[in-house]
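> Mind folding the following:
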Amino acid sequence: MKKIIFTLALFMFAGNISYAALPPLYQGIREIKAIIEHQEFSENLGSHEVVMDIVRIEQGYLIITNYSHMIVEVVYLPQEMSGPGQFELIFNNPVSIK
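Presented below is the predicted three-dimensional model:
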């Protein structure tokens, strides 16, 4: 009986872990992927531009291309339950560097 209770408690605990916040590395990957796949990303940058660098800054990310740079703000949303951080993206107009 003790083994059954222990096993049930272990599964309940393990289930709660699966909803925990993502480690910073994976949260960052999730944010960058969302930026690159967002429609505004391709609308703001020309198809002729090449992404040279993506730098994490205080407000979000600085996207540097061969012709311009653009700041994408990451706004974290409040959450009632644990889980991956929910966020919205705000795309600022690109600034020409040439």
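> Can you tell me the element R30 falls in?
Here R30 sits within helix 24-37, counting by DSSP states H and E.
> centre of the chain versus the helix or strand just after that helix, how much separation?
Counting by DSSP H and E, the next helix or strand C-terminal to helix 24-37 is helix 39-44. Centroid separation for helix 39-44 versus its chain: 17 Å, with Cα atoms, centre = their mean, to the nearest Å.
> same question, stretch 31-49
So, by Cα atoms, centre = their mean, the centroid of stretch 31-49 is 14 Å from its chain's centroid.
> how far does that stretch stretch from start to finish?
21 Å (Cα to Cα, to the nearest Å).
> List the buried residues in it.
E31, I32, I35, F41, N44, L45, E49 (16 or more other Cβ atoms under 10 Å). All C-beta spots, glycine's among them, are computed from the backbone N, C-alpha and C.
> For the third one, give me its contacts.
Neighbouring residues of I35 by Cβ atoms under 8 Å, 6 or more residues apart in numbering: F41, I54, Y61, I63, V72, L89.
> So what pairs up with the second one in the strands?
When you say that, I think you mean I54. I63 (DSSP bridges).
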